[in-house]
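Visitor: Need coordinates for the following:
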Amino acid sequence: MTATYVIDGREVTGLDRFWQVIGEAVNGPGGYFGTNLDAFADCLSGGYGTPPDGDFVIEWRHHEASRRALGHDETVRRLDERLQKAHPSNRPAVQADRDRAAAGEGPTVFDWLVDIIEAQAPGRLRLE
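Guide: Just a heads-up that it's a prediction; the model follows:
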């Protein structure tokens, strides 16, 4: 039987809140399902609360609310953080991404999350 994990997009007010919402959807109150993009990708690969056979669906209700909360403003914030930690050789690329986000262009945090889900759990995301 397919496990369904429901995210209420109205509860997602930023990336930190997304980590809480997805953690609780999969593993209950206080549950963990990643706290950064790499950890999230790992969790989607199995062993962190999803069924061992990978038979699950993430149902992201009211995803448009999340799309707004995880839009270009949140993307700029996250890229600013990344710039602080980036290796000097990577800073120009991160800065270029940050500048595009500040101009309201390019992929957003919401897009990053959707792309990770589609890459790690193809066909298991339902945007409602």
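Visitor: Kindly confirm my reading that Trp60 is in a strand.
Guide: Yes: counting by DSSP: H, G, I helix; E, B strand; the rest coil, Trp60 is found in a strand.
Visitor: Can you tell me how far it is from Tyr48?
Guide: Distance, Trp60 to Tyr48, using Cβ to Cβ, to the nearest Å: 18 Å. (Each C-beta comes from the backbone N, C-alpha and C, glycine too.)
Visitor: quick one, which of those two is more surrounded?
Guide: Comparing Trp60 with Tyr48 by neighbour count (other Cβ atoms under 10 Å), the higher total belongs to Trp60, at 27 against 17.
Visitor: Would you list the phi and psi of the closest residue to the more buried one other than its chain neighbours?
Guide: Leaving aside its chain neighbours, Trp60 sits nearest to Ile7 (4.7 Å; criterion: Cβ to Cβ, 6 or more residues apart in numbering). Dihedral pair for Ile7: phi -110, psi 130, per degrees, to the nearest 10.
Visitor: how far away is Ile7 from Asn90?
Guide: For Ile7 relative to Asn90 (Cβ to Cβ), the value is 31 Å.
Visitor: Who has more neighbours out of the two?
Guide: Set Ile7 next to Asn90 and count neighbours by other Cβ under 10 Å: Ile7 wins out with 23 against 12.
Visitor: which ones are touching that one?
Guide: Shown in contact with Ile7 (Cβ atoms under 8 Å, 6 or more residues apart in numbering): Val21, Ile22, Ala25, Ile58, Glu59, Trp60, Arg61, His63, Ser66.
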